[in-house]
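A.B. asks: Below is the sequence, then the predicted model.
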Amino acid sequence: MDACSFCGRRADEVGRLIAGDGGRSRGQLPPAAICNDCVELCYRIVHGPHIPLPPIPQDILARAGACPTEVTEETGSVVVNCSSAAEPSEAQAATCKELLAPYFPAGAKFRFFWPVEPPARASASEWLETQIAVYNEPPSTRSL
Ligand SMILES: [Zn+2]
């Protein structure tokens, strides 16, 4: 098998061709193969139509004070993942949108996300203290 079973291109026409055995152990199907481009296409079908961001100059990103990481095609939204740990103020969000808007289709909606501190887990730190105590014991008395 030297052609992609999906798009029909030969091995020498694609970057990578991955061969399958058609489920040889079950013996029902002819061997199939898939090329790197068709894997990518299938990934998009399975995981949703995420498309890469258009290139945004670094100085624009710095002035926007945020790090946009992806455009979600299905909702027509520009997802902006903020680098600051707090919710952006209305003014900050407006400034960010104004700076980034020229890089996206007219009328695109902007949605802002920011990192949230995970809640403290007492049980986890108690567990950690127990581990530290064990490793602070002299080797001869360490229980493993
Ligand atoms: Zn293909």
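C.D. replies: Perfect, I can see it now. Residues are numbered from 1 along each chain as shown.
A.B. asks: mind listing the helices for this protein?
C.D. replies: Per DSSP state H, the chain carries helices over the ranges 36-47, 58-64, 90-100, 122-136.
A.B. asks: and those, which one is worst for confidence?
C.D. replies: Confidence, taken as mean pLDDT, is least for helix 122-136 of the helices of the chain (a mean of 53).
A.B. asks: residues from the chain in reach of the ion?
C.D. replies: 4, 6, 7, 35, 38 (Cβ under 5 Å from the ion). Every residue, glycine included, has its C-beta placed from N, CA and C.
A.B. asks: Can you flag the buried ones in those?
C.D. replies: Restricting those to buried positions leaves 4, 35, 38, with burial counted as 16 or more other Cβ atoms under 10 Å.
A.B. asks: Turn those residues into a markdown table, columns for distance to residue 25.
C.D. replies: What follows is these, written out as a markdown table (distance: Cβ to Cβ, whole Å):
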| residue | distance to residue 25 |
| --- | --- |
| 4 | 23 |
| 35 | 24 |
| 38 | 24 |
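A.B. asks: domain ranges for the chain?
C.D. replies: The record's domain split for the chain, according to automatic domain parsing, is 11-47, 58-135.
A.B. asks: Give me the buried positions along the shortest one.
C.D. replies: Which is domain 11-47. For domain 11-47, the neighbour count (16+ other Cβ under 10 Å) marks 14, 17, 22, 33, 34, 35, 37, 38 as buried.
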